[in-house]
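Enquirer: What shape does this take:
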Amino acid sequence: MAAKRYSLQARVSTENPAAVKLVLTQSVPDGSVKPTGDPNVLLVEGHMTGANARDLNRSLLTSLRRAEKRTRLRSEWTLEGSTERFFDYVPKGKRSASVHPSAHA
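Expert: Below you'll find the predicted structure:
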């Protein structure tokens, strides 16, 4: 299967932000890692290349948990107008990227 370039948006919660930030900058070199108002939460935006969103998500979370066991990852992987969401290793749904979540309210 050919590798695809996914767009990533994620929120990472951790007890060790310094170690996790280092892993994020290495894992998502084509991206940015920004702090939030909470010192234990980081926002990530960037791109990663892989076979599918599930494998990319699993690989990223496994790397993060090697640095800090209790790290949590909420991520959205977008490719060709479709977004897949995950909480840690669990898929939470797939939707068209053009549909804004508040449109369903």
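
Enquirer: As a check, name the ranges of all helices in this protein.
Expert: For the chain, helices defined by DSSP state H occupy the ranges 17-27, 53-67.

Enquirer: between the ones you listed, which gets nearest to S75?
Expert: For S75, the closest of those is helix 53-67, at 5.6 Å, according to Cβ to Cβ. C-beta coordinates here come from the backbone N, C-alpha and C atoms, glycine included.

Enquirer: Contacts only, for the spatially closest residue to T36 that is not a sequence neighbour.
Expert: Closest residue to T36 apart from its sequence neighbours, by Cβ to Cβ, 6 or more residues apart in numbering: L43 at 5.9 Å. Shown in contact with L43 (Cβ atoms under 8 Å, 6 or more residues apart in numbering): Q9, A10, R11, V12, V33, K34, P35, T36.

Enquirer: So Y6 sits against T49, correct?
Expert: Yes: counting by Cβ atoms under 8 Å, T49 is a contact partner of Y6 at 7.3 Å.

Enquirer: Looking at these two, which one has more neighbours?
Expert: For Y6 versus T49, neighbours defined as other Cβ atoms under 10 Å are more numerous around Y6 (22 against 11).
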